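**Student:** Structure of the sequence below:
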Amino acid sequence: MANTNKSQFQAQEQIVLTGIGTYLSGVTQVTLGGVVYSNADLKKVFTDDLAAVAAADVQGAQYHSAVQAAKQTRAKATAVLKLLKAYVLVQYGDNLPVQQAFAFAKPQTKTLKVKVQAADQAKVTRKMRGTLGKAQKKAVKGTAAPQQGAPVTGTAAPAPSK
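**Tutor:** Predicted structure coming up:
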């Protein structure tokens, strides 16, 4: 069998069901792959598959519409939450218990001591890593030293002629 997509396979199953009804209606049993099927059992294999695929399609459509609905409600809730936070801040100011009641955390600001410690730590780290700033990097000019003992192979490229 060639590769078929879902709709092609479903169409083929419908045709197979018609063929079973037309050409195998007088046959009481068919042995396929070592399994004995009655005419009704053989039809049931294909009708069950068609029903399962149809049910999966319905579930998939419901899932996608539910996800779309969830995205829309999340967008609305996010917008309203932003407005509510602004309202609470205007009405109650920096009242921390009120902000915590709405799960609005007060923005944490770093103290001067913490900022100084972070700057000192950055200087130490930079020195240990040997990192340079823009100006220092510009001043560094490296030249490759010729390697001693390595023979030069090949010939020089000819000069371009005019």
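**Student:** Which stretches in this structure count as strands?
**Tutor:** Assigned strands in the chain, in chain order: 29-32, 35-38 (criterion: DSSP state E).
**Student:** Kindly compare burial across those and name the winner.
**Tutor:** With neighbours defined as mean count of other Cβ atoms under 10 Å, these peak in mean count at strand 35-38, which reaches a mean of 12. No exception for glycine: its C-beta is placed from N, CA and C like everyone else's.
**Student:** could you give the mean pLDDT of it?
**Tutor:** Per-residue pLDDT values over strand 35-38 give a mean of 94.
**Student:** Each with direction, which strands does that strand pair with?
**Tutor:** strand 29-32 (antiparallel) (DSSP bridges).
**Student:** Off-centre distance for the strand it pairs with?
**Tutor:** 47 Å (Cα atoms, centre = their mean, to the nearest Å).
**Student:** Quick check: mean pLDDT of that strand?
**Tutor:** 93.
**Student:** And the contacts of that strand?
**Tutor:** The set of residues external to strand 29-32 that reach it, using Cβ atoms under 8 Å, 6 or more residues apart in numbering, is 24, 36-39, 42.
**Student:** repeat that for 10 Å
**Tutor:** Counting by Cβ atoms under 10 Å, 6 or more residues apart in numbering, strand 29-32 makes contact with 20, 24, 36-39, 41-42, 45, all of which sit outside it.
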